[in-house]
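Asker: model the following, please.
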Amino acid sequence: FTRSSDNGENFGSPITIGNNTGLNGFQQVAVSENNTNVYVVWHDAQNGIMLRRSTDSGSTFETPIKLGSKNVDSQNPQIAVSQDNNIYVAWQSNSHVVNGSIVFTRSTDNGESFENPITIAKGQEEEDEYGVVNTTEKKTDRKGQNIQLFQPRIVTAPGTDEVYVVWHSGFNTFHKRYHLLTDIFFSRSTDNGATFENPISLTNYSVWAKSTDNEAPFENPISLSGYSGWVLDPQIAISEDNNLFVAWQSNPQGGNGEVVFTRSMNNGESFENPVTISDKNVDSQN
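Answerer: Numbers count the residues shown, from 1 in each chain. From the prediction side, this is the model:
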């Protein structure tokens, strides 16, 4: 971590705030409204999702706090700070043997402590509400499809109790090791992150698959919406009057990649039909 105290003219010497013998990555930083508290969250290969707080504008950092376990493949943490200095953190949890989940936790005391994580999106009952696998029911020999969830993004609505999260998800086939189809999902909280509403799809790319021999390999999923491709990497932003804007990339098979956009004018209650805003004659990504 490094900081500038002269509007970016100069930066201090970097300091190490996370250190282990494996991967440290997916780091994100957020600042409180009073500009004195700084929060850094990251993925630690030995410990899972970690967070450190500075209460002196990044001059020093307190002892790391562990937010999520490494045992459920927790990655891609995202962090947001509300106007009343609540801290919100979301991340993906994709175990290799069960469906994935999007996990969320919050602090209501300026990062002094964090509540037990909750799952705001998951695929099946083999994970508990914290995204932890029930090891007594693991199906390590599963060869069909499972649902993986990726890359959450999180924002808060100024002057309200609302928190918004988007992510993408898709079917994964173990015998081919790739994602067949993905969707962009959205969920909101209207009580400062205490609870979340059921996720809604912003893309509605439904799929169907069947098993013919008691949970042995599934047949390949087929698209019910006629879409064959991938939708990835959603980004979300909010205006001062709390309109929500979401964009993502769409990569149909046999066609150019596109950038797709939708918006909500009612605090996430509903979204307009998505529109393509990029040039369809060229390949657009990220």
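
Asker: for the stretch 101-250 of the chain, what spans make up the strands?
Answerer: With DSSP state E, counting those that start in this stretch as the criterion, the stretch 101-250 of the chain has strands at 101-107, 118-122, 145-156, 163-173, 178-189, 200-201, 207-208, 222-223, 229-238, 244-252.

Asker: ends of stretch 79-86, what's the gap?
Answerer: By Cα to Cα, to the nearest Å, the extent of stretch 79-86 from end to end equals 11 Å.

Asker: in that stretch, what counts as buried?
Answerer: 79-82, 86 (16 or more other Cβ atoms under 10 Å). No exception for glycine: its C-beta is placed from N, CA and C like everyone else's.

Asker: mean pLDDT for the strands of the stretch 101-250 of the chain - can I get that in CSV?
Answerer: Below are those laid out as CSV (pLDDT from 0 to 100):
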stretch, mean pLDDT
strand 101-107, 95
strand 118-122, 88
strand 145-156, 87
strand 163-173, 84
strand 178-189, 80
strand 200-201, 92
strand 207-208, 66
strand 222-223, 66
strand 229-238, 91
strand 244-252, 92
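
Asker: Serialize the ones you listed to a markdown table and add fields for distance to residue 274 and mean neighbour count.
Answerer: Shown next, in a markdown table, are those (distance: least, Cβ to Cβ, whole Å; neighbours: other Cβ atoms under 10 Å):
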| stretch | distance to residue 274 | mean neighbour count |
| --- | --- | --- |
| strand 101-107 | 21 | 26 |
| strand 118-122 | 20 | 21 |
| strand 145-156 | 16 | 22 |
| strand 163-173 | 13 | 24 |
| strand 178-189 | 9 | 21 |
| strand 200-201 | 11 | 14 |
| strand 207-208 | 18 | 14 |
| strand 222-223 | 17 | 14 |
| strand 229-238 | 10 | 19 |
| strand 244-252 | 9 | 20 |
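
Asker: nearest to residue 277, of those?
Answerer: With Cβ to Cβ as the measure, strand 244-252 is the member of the strands of the stretch 101-250 of the chain nearest residue 277 (7.5 Å).

Asker: reformat the strands of the stretch 101-250 of the chain as TSV; add distance to residue 285.
Answerer: TSV is the format used below for these (distance: least, Cβ to Cβ, whole Å):
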stretch	distance to residue 285
strand 101-107	23
strand 118-122	24
strand 145-156	14
strand 163-173	14
strand 178-189	14
strand 200-201	21
strand 207-208	23
strand 222-223	21
strand 229-238	8
strand 244-252	5
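
Asker: for the ones you listed, which one sits closest to residue 71?
Answerer: Nearest of these to residue 71, taken as Cβ to Cβ: strand 101-107 at 12.6 Å.

Asker: got phi/psi on the closest residue to residue 276 other than its chain neighbours?
Answerer: Excluding its sequence neighbours, the residue lying closest to residue 276 (Cβ to Cβ, 6 or more residues apart in numbering) is residue 258, at 4.8 Å. In terms of degrees, to the nearest 10, the main-chain angles of residue 258 are phi -130, psi 150.

Asker: shouldn't residue 258 be in contact with residue 248?
Answerer: No: contact criterion Cβ atoms under 8 Å: residue 258 and residue 248 do not qualify, at 9.4 Å.

Asker: got the CA positions of stretch 241-258 in PDB?
Answerer: Below are the C-alpha coordinates for stretch 241-258, written out as PDB (Å, rounded to 0.1, in the frame of the first residue of the first chain):
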ATOM      1  CA  ASP A 241     -30.300  11.000  -7.400                       C
ATOM      2  CA  ASN A 242     -29.900   7.200  -7.000                       C
ATOM      3  CA  ASN A 243     -30.500   6.000 -10.500                       C
ATOM      4  CA  LEU A 244     -28.700   2.700 -11.100                       C
ATOM      5  CA  PHE A 245     -26.600   1.900 -14.200                       C
ATOM      6  CA  VAL A 246     -25.200  -1.500 -15.100                       C
ATOM      7  CA  ALA A 247     -23.000  -2.500 -18.100                       C
ATOM      8  CA  TRP A 248     -21.500  -5.800 -19.100                       C
ATOM      9  CA  GLN A 249     -19.900  -7.500 -22.100                       C
ATOM     10  CA  SER A 250     -21.800 -10.000 -24.200                       C
ATOM     11  CA  ASN A 251     -20.000 -12.500 -26.400                       C
ATOM     12  CA  PRO A 252     -22.400 -14.500 -28.600                       C
ATOM     13  CA  GLN A 253     -20.800 -17.500 -30.400                       C
ATOM     14  CA  GLY A 254     -20.100 -16.600 -34.000                       C
ATOM     15  CA  GLY A 255     -20.500 -12.900 -33.400                       C
ATOM     16  CA  ASN A 256     -18.600  -9.800 -32.200                       C
ATOM     17  CA  GLY A 257     -18.400  -9.000 -28.500                       C
ATOM     18  CA  GLU A 258     -20.800  -6.300 -27.400                       C
END
